[in-house]
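>>> Predicted model and sequence follow; I will ask about them next.
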Number of protein chains: 2
Amino acid sequence: MATTTAAQRREADRAAYDAFLAACPSRMVLDRISDKWVGLLLAALADGPKRYSELGRRVAGVSPKMLTQTLRGLERDGLVEREVTAAVPVRVDYRLTPLGAGLHRAVLHVKDWAEAHVEEVLAARDRYDSRADTESG
Amino acid sequence: MATTTAAQRREADRAAYDAFLAACPSRMVLDRISDKWVGLLLAALADGPKRYSELGRRVAGVSPKMLTQTLRGLERDGLVEREVTAAVPVRVDYRLTPLGAGLHRAVLHVKDWAEAHVEEVLAARDRYDSRADTESG
DNA sequence: CTGTATCCGTAACGATACTG
DNA sequence: CAGTATCGTTACGGATACAG
C-alpha cells in the first residue's frame, strides 16, 4: 500500500503543519500584512487618526467592503482603535494603537529595504526576462 | 449624468493608482513576501543552499507547482540563485543571493516583532471575540 | 530527480445596492 | 457619514498526470 504515499504523506504533513502554522507568530503576522490593504492602511494611519471616509480617499481604489473588512481585522488584532462620536452625521475615527505603530515600524524596515534595493531587483528582473527571451528565440 | 460618479471615480482612481503602485517599491516587496510560500522559502534557505526536493521537504505541504513557481519568482527578482549540476539524476541547488539575504533580514524584523508581541495580539483577539459574543447575546 | 501542463475548487476581491 | 449584505469574477493555490 505505498501507491498513494506521496500524496497522502503531503496531506498528513499539511495537517500537522497547519496546526504548527496556526501557532507560528511570524506566519500569523505575515498573513496579516499580506492582506492587500493592510500595508496601505498602516501607512495611511501612521501620521495620525483618520475618519472612515478619509481613509477611503487616502487609499484610493478601496471599496467600502474591503475598507471595513481590513479595518475590522486590524481592530480585532489590537492594531487599530475605533472611536465613534455620536454626532448628527455619525463620525468614526481610526487610529493606530501602540501595538499597531510597532508593527508599522517593523514593516517600515521592509519598506526601507525595498526602496534601497528596488533598482537591483528591477535590474535582475530585466536580466531574467531578457535571458528568457533569448532562450526561447 | 452624475449617477455613476462614485463608481467611475473609483475606477479612474484605481487606474492612476495601479500605475502608481507598479512603481511603488514597498508595495512591490510587500506583494512578494505576501506570496504564501516566500517567507517559508526564505527561512528554509537562510541557513545555506538546498536542493529542490530538500526544500519540498522543509516547507512540508507545498506542491511541486507552488515550489517551482515561487522559486522562479524569487530567482527572477535576483533573490535566489539556481545552480544546475548535470549529473545522472539531475541535481539543482538553490541559494539566497546577498540581495535575498538582505530581504530575509528585513523580514526577520517583522518576525521578531511578531514573536515579541504575539501574546498581545492574541489577547486583543480574544477580547474582541468575547465582546462580539456579548453584544450579540 | 526536477520540473511542466492541466484541471478544479476555494476564497479573496470588487461592484452594487441598501440601511441606520 | 458609516457601514452591511449580496453577487459575480477572477486569480490563487492544490491535486494529478506527465516529461526531460
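Okay, I see it. Residues are numbered from 1 along each chain as shown, chains lettered A, B, ... in the order given.
>>> Please name every helix or strand in contact with whichever helix or strand A:Ser130 is part of.
Using DSSP states H and E, A:Ser130 sits in helix A:98-136. Helix A:98-136 makes packing contacts with helix A:25-34, helix A:38-46, helix B:25-34, helix B:64-76, helix B:98-136 when contacts are defined by 3 or more C-beta pairs under 8 Å, 6 or more residues apart in numbering or on different chains; DSSP states H and E. From N, CA and C alone the C-beta is placed, and that goes for glycine too.
>>> Pick out the residue closest to the middle of chain A.
A:Ile33 (2.2 Å; C-alpha atoms, centre = their mean).
>>> any idea how far that one lies from A:Asp133?
Relative to A:Asp133, A:Ile33 is positioned 34 Å away (C-beta to C-beta, to the nearest Å).
>>> among the helices and strands packed on helix A:98-136, which is the most enclosed?
helix A:38-46 (a mean of 22; mean count of other C-beta atoms under 10 Å in any protein chain shown).
>>> That one near chain B anywhere?
Yes. Helix A:38-46 lies within reach of chain B by C-beta under 8 Å from any C-beta of the partner chain, at A:Gly39.
>>> Flag every residue of chain A that's near DNA strand C.
Within chain A, the positions near DNA strand C by C-beta under 7 Å from any atom of the strand are A:35-37, A:61-66, A:89-90.
>>> could those residues go into CSV alongside distance to chain B and pLDDT?
Listed next are the residues of chain A next to DNA strand C as CSV, based on distance: C-beta to the nearest C-beta, whole Å; pLDDT from 0 to 100:
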residue, distance to chain B, pLDDT
A:Asp35, 8, 87
A:Lys36, 8, 87
A:Trp37, 11, 92
A:Gly61, 4, 84
A:Val62, 8, 91
A:Ser63, 7, 94
A:Pro64, 10, 95
A:Lys65, 12, 96
A:Met66, 11, 96
A:Pro89, 17, 91
A:Val90, 17, 95
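>>> so when I look at A:Tyr94, I'm seeing a strand, right?
Yes. Under DSSP: H, G, I helix; E, B strand; the rest coil, A:Tyr94 sits within a strand.
>>> and it, how many neighbours does it have?
Neighbour count for A:Tyr94, taken as other C-beta atoms under 10 Å in any protein chain shown: 22.
>>> What of A:Gly78?
Neighbours of A:Gly78 (other C-beta under 10 Å): 21.
>>> Specify the local secondary structure of it.
A:Gly78 ends up coil, using three-state DSSP.
>>> so who does it touch?
A:97, A:99-100, B:120-121, B:123-125, B:127-128 (C-beta atoms under 8 Å, 6 or more residues apart in numbering or on different chains).
>>> Nearest to DNA strand C among those?
Nearest to DNA strand C out of these is B:Arg125 (C-beta to the nearest atom of the strand; 16.1 Å).
>>> That closest one: what's it in contact with?
A:76-78.
>>> Using TSV, lay out the residues you listed together with pLDDT.
Below are the contacts of B:Arg125 laid out as TSV (pLDDT from 0 to 100):
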residue	pLDDT
A:Arg76	96
A:Asp77	96
A:Gly78	97
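>>> Closest to chain B out of the residues you listed?
Ranked by distance to chain B (C-beta to the nearest C-beta), the contacts of B:Arg125 are led by A:Gly78 at 2.6 Å.
>>> Now the closest one. Nearest residue, chain neighbours left out?
Of all residues not flanking A:Gly78 in the chain, B:Ala124 sits nearest, at 2.6 Å (C-beta to C-beta, 6 or more residues apart in numbering or on different chains).
>>> For the one you found, give me the pLDDT.
Looking at B:Ala124, its pLDDT stands at 96.
>>> can I assume it is in contact with A:Gly73?
No. Using C-beta atoms under 8 Å, B:Ala124 makes no contact with A:Gly73, being 11.3 Å away.
>>> quick one: pLDDT of A:Val84?
pLDDT for A:Val84: 97.
>>> give me the number of residues near the nearest residue to it once chain neighbours are set aside?
Nearest non-adjacent residue to A:Val84, counting by C-beta to C-beta, 6+ apart: A:Val92, 5.3 Å away. Counted with other C-beta under 10 Å, the neighbours of A:Val92 add up to 14.
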